[in-house]
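Visitor: Output the structure for:
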Amino acid sequence: MIDGTMTIVLYALVLILPLSALVARRLPIGDAIKLALAWVAIFGVLFILVTLWQGAASGP
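Guide: As a prediction, the model looks like this:
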């Protein structure tokens, strides 16, 4: 039970810290959305590449 709680706290911190940094910079909402979409695209491409790489490494 403690491990689950600590995991939730860790995920909350991982989400709150970057969001608070963006708020502190006072970016316009349009720029913040563009940045968020860019990061989602980067991680999406990386996720697909890793998935394909693991599939190729495991063989047919």
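Visitor: Remind me which helix or strand Leu19 belongs to.
Guide: If you go by DSSP states H and E, Leu19 is part of helix 2-25.
Visitor: ok, then the element right after that helix?
Guide: helix 29-58.
Visitor: for that following helix, what is the average pLDDT?
Guide: For helix 29-58, mean pLDDT is 91.
Visitor: quick revisit: check the offset of the helix holding Leu19 from the chain's centre.
Guide: 11 Å (C-alpha atoms, centre = their mean, to the nearest Å).
Visitor: just the angle between it and helix 29-58, please?
Guide: 140 degrees (axes from the mean of the first three to the mean of the last three C-alpha atoms, to 10 degrees).
Visitor: From the contact counts, what lies against helix 2-25?
Guide: Secondary-structure packing of helix 2-25 (3 or more C-beta pairs under 8 Å, 6 or more residues apart in numbering; DSSP states H and E): no helix or strand packs against it. C-beta here means a position set from N, CA and C on the backbone, and glycine is covered the same way.
Visitor: Could you list the residues in contact with it?
Guide: 32, 35 (C-beta atoms under 8 Å, 6 or more residues apart in numbering).
Visitor: Mind doing that once more with 10 Å?
Guide: The contact list for helix 2-25 (C-beta atoms under 10 Å, 6 or more residues apart in numbering) reads 31-32, 35-36, 39.
Visitor: average pLDDT for stretch 6-13?
Guide: Here the average pLDDT along stretch 6-13 is 91.
Visitor: In it, which residues are buried?
Guide: Residues of stretch 6-13 classed as buried: none (neighbour count, 16 or more other C-beta atoms under 10 Å).
Visitor: before we move on, the earlier item: may I have the helix holding Leu19 as PDB, with CA atoms only?
Guide: In PDB, the C-alpha atoms belonging to helix 2-25 read as follows (Å, rounded to 0.1, in the frame of the first residue of the first chain):
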ATOM      1  CA  ILE A   2       2.800   2.400   0.800                       C
ATOM      2  CA  ASP A   3       4.500   1.700  -2.500                       C
ATOM      3  CA  GLY A   4       1.300   2.600  -4.400                       C
ATOM      4  CA  THR A   5       0.900   5.900  -2.400                       C
ATOM      5  CA  MET A   6       4.500   6.800  -3.000                       C
ATOM      6  CA  THR A   7       4.100   6.100  -6.700                       C
ATOM      7  CA  ILE A   8       1.100   8.400  -6.900                       C
ATOM      8  CA  VAL A   9       3.000  11.200  -5.100                       C
ATOM      9  CA  LEU A  10       6.000  10.700  -7.400                       C
ATOM     10  CA  TYR A  11       3.800  11.000 -10.500                       C
ATOM     11  CA  ALA A  12       2.100  14.100  -9.100                       C
ATOM     12  CA  LEU A  13       5.400  15.700  -8.600                       C
ATOM     13  CA  VAL A  14       6.600  14.800 -12.000                       C
ATOM     14  CA  LEU A  15       3.500  16.500 -13.500                       C
ATOM     15  CA  ILE A  16       3.400  19.500 -11.200                       C
ATOM     16  CA  LEU A  17       7.000  20.600 -11.400                       C
ATOM     17  CA  PRO A  18       7.100  21.100 -15.200                       C
ATOM     18  CA  LEU A  19       3.600  22.700 -15.200                       C
ATOM     19  CA  SER A  20       4.600  25.100 -12.500                       C
ATOM     20  CA  ALA A  21       7.700  26.100 -14.500                       C
ATOM     21  CA  LEU A  22       5.500  26.900 -17.500                       C
ATOM     22  CA  VAL A  23       3.200  28.900 -15.400                       C
ATOM     23  CA  ALA A  24       6.100  30.800 -13.900                       C
ATOM     24  CA  ARG A  25       7.300  31.800 -17.400                       C
END
